[in-house]
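Enquirer: Attaching a predicted model along with its sequence, questions to come.
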Protein chains: 2
Amino acid sequence: MKSDRGSTPAGPIDLWLIEDNPRYRKTIAGLMEHTGGIHCSQAMATCEEAIRLAESESPPQVILLDIGLPGMNGIQGIEVFKSLLPTTHIIILTIYDDNNKVLEAICAGASGYLLKDSPPEKIIESIQEVMAGGAPMNMQIAAKVLEMFREHYPKKSDYGLTEREKEILQHLVSGLTKQQIAGKLFLSFHTVNTHIKNIYTKLHVNTRSGAVSKVYKEKLL
Amino acid sequence: MKSDRGSTPAGPIDLWLIEDNPRYRKTIAGLMEHTGGIHCSQAMATCEEAIRLAESESPPQVILLDIGLPGMNGIQGIEVFKSLLPTTHIIILTIYDDNNKVLEAICAGASGYLLKDSPPEKIIESIQEVMAGGAPMNMQIAAKVLEMFREHYPKKSDYGLTEREKEILQHLVSGLTKQQIAGKLFLSFHTVNTHIKNIYTKLHVNTRSGAVSKVYKEKLL
DNA sequence: CACAAAATACCACGATCATGCGATTGTTTT
DNA sequence: AAAACAATCGCATGATCGTGGTATTTTGTG
């Protein structure tokens, strides 16, 4: 159940390691050599080196990538690798655990996010997991991701808008003027005016922008 | 490093199990009894029973919760427990792995999401992990969450707005008028007017609502 | 230094908005 | 039948907006 869905069915998993600290790089590379099923074919200190190599060497299946690198940082690196080596999985291995870095890395296309204090077995396990379609993360990171996730899916509040009001609010959101809305709904200008008036009252705002903002912030409609 | 941050420092972790299948319930309950550090003090078939018990018994530290339950389903259950037992961690243990269920459960406040085909050790591990501030998930689920995450954070487009323009756009978004913005930034009304004019040109809109909509739709700022 | 870009400021005018009223017609609930 | 709500339409007025200009100062880059 673990190694039966990689793009290369046979042989060890081909791994690249990008890490500027020589000592840590050697530690990890050494670790891989003593592990069955994974082969660290390249280890370098910068993304630039890796990009150069990507043009001659065959693409690895997994890249272990640091974020705090000289020159191009890991986040930027992800984006380059994503277009250069679209089949390669990228696992971030870093000391940074702040929300922004995690967010950026994930959005850039990282398949996993580990902290450097992870035990070696966790790292090995994560490489296998990512090959099996998983998304290995430190437990702190996972909790962070869920938390961020929750924030961006606030339960939609209800201001008691009627259907007609919602309809008009929608047109307001798309930037139409009162007259344009009236035209589109075959209503009098005055009716639209009244509806908007009522919408403002219900939403506790007094400008179009305020209403539109509220729609997005509170996931109305 | 695993059991040193629960709200109850001493003794085994107090667990409740809510699962309507009697056989599976017994399997899990039995598993816990043979495991050090966890005590399954209650096992029931429905959320309603658990809610009734929550009024007399002391709150558990963790609830293992199924989704497909008779009566109140697990998702609704989460919301009730979240307000009734705010300190209790909830781990979903279910057969459903579709995006919607996962999303709903997480947004409702689940701390973890496991599939029923998880090996018993994984379940034990997850209970300990959630007590240590983690968010245990099946690897498929984790991958799903990251994927959904990425979708809802589209790369922000760039219209070449200057810092000042972004600042003013932000105030526009919050519903302020030109004069209010001028006051807040200690600028002349005319300056704000000019900036907004330029913002409109750069965003290719010609109303406040259009601009605000664009900000949210394309994740500007 | 020179040149470009950004930020600042001003004016005027027609279009549009927000908001105060009041009113009629239906539908649903009680 | 009464009350409550939704949707429709009307008017007037002062505030605000969008857009066409022009112009000075500050800042950054070659």
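Expert: That came through, no problem. Numbers count the residues shown, from 1 in each chain, chains lettered A, B, ... in the order given.
Enquirer: In contact with residue A:35, which residues?
Expert: Applying Cβ atoms under 8 Å, 6 or more residues apart in numbering or on different chains, we find residue A:35 in contact with residue A:124. For every residue, glycine as well, the C-beta is placed using N, CA and C.
Enquirer: What separation do you get for it and DNA strand C?
Expert: Distance of residue A:35 to DNA strand C, computed by Cβ to the nearest atom of the strand, to the nearest Å: 52 Å.
Enquirer: cool, and residue A:179?
Expert: Counting by Cβ to the nearest atom of the strand, the gap from residue A:179 to DNA strand C is 6 Å.
Enquirer: Which secondary structure state does that residue sit in?
Expert: Put simply, residue A:179 is helix when judged by DSSP: H, G, I helix; E, B strand; the rest coil.
Enquirer: For the closest residue in space to it that isn't next to it in sequence, which residues are in contact?
Expert: Take residue A:179 and drop its neighbours on the chain: the residue closest to it by Cβ to Cβ, 6 or more residues apart in numbering or on different chains is residue A:189, 5.8 Å away. Contacts for residue A:189 (Cβ under 8 Å, 6+ apart) come out as A:178-179, A:182.
Enquirer: Just the closest of these to DNA strand D, please.
Expert: Closest approach to DNA strand D among the contacts of residue A:189 (Cβ to the nearest atom of the strand): residue A:182, at 7.3 Å.
Enquirer: Which helix or strand contains that closest one?
Expert: Using DSSP states H and E, residue A:182 sits within helix A:178-185.
Enquirer: ok, of the contacts of residue A:189, which one's closest to chain B?
Expert: Closest approach to chain B among the contacts of residue A:189 (Cβ to the nearest Cβ): residue A:178, at 11.1 Å.
Enquirer: is it true that the closest one touches residue A:192?
Expert: Yes - with contact defined as Cβ atoms under 8 Å, residue A:178 reaches residue A:192; the gap is 4.9 Å.
Enquirer: who has more neighbours, these two?
Expert: Set residue A:178 next to residue A:192 and count neighbours by other Cβ atoms under 10 Å in any protein chain shown: residue A:192 wins out with 23 against 19.
Enquirer: Would you agree that one is in contact with residue A:165?
Expert: No - the criterion here is Cβ under 8 Å, and residue A:192 misses it with residue A:165 at 10.7 Å.
Enquirer: re earlier: can I get the CA coordinates of the helix holding residue A:182 in CSV?
Expert: The C-alpha coordinates for helix A:178-185 follow below in CSV (Å, rounded to 0.1, in the frame of the first residue of the first chain):
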residue,chain,number,x,y,z
LYS,A,178,-29.1,51.6,-9.7
GLN,A,179,-30.3,52.4,-13.2
GLN,A,180,-28.6,49.5,-14.8
ILE,A,181,-30.1,47.2,-12.2
ALA,A,182,-33.5,48.6,-12.8
GLY,A,183,-33.1,48.0,-16.5
LYS,A,184,-31.9,44.4,-16.0
LEU,A,185,-34.7,43.5,-13.7
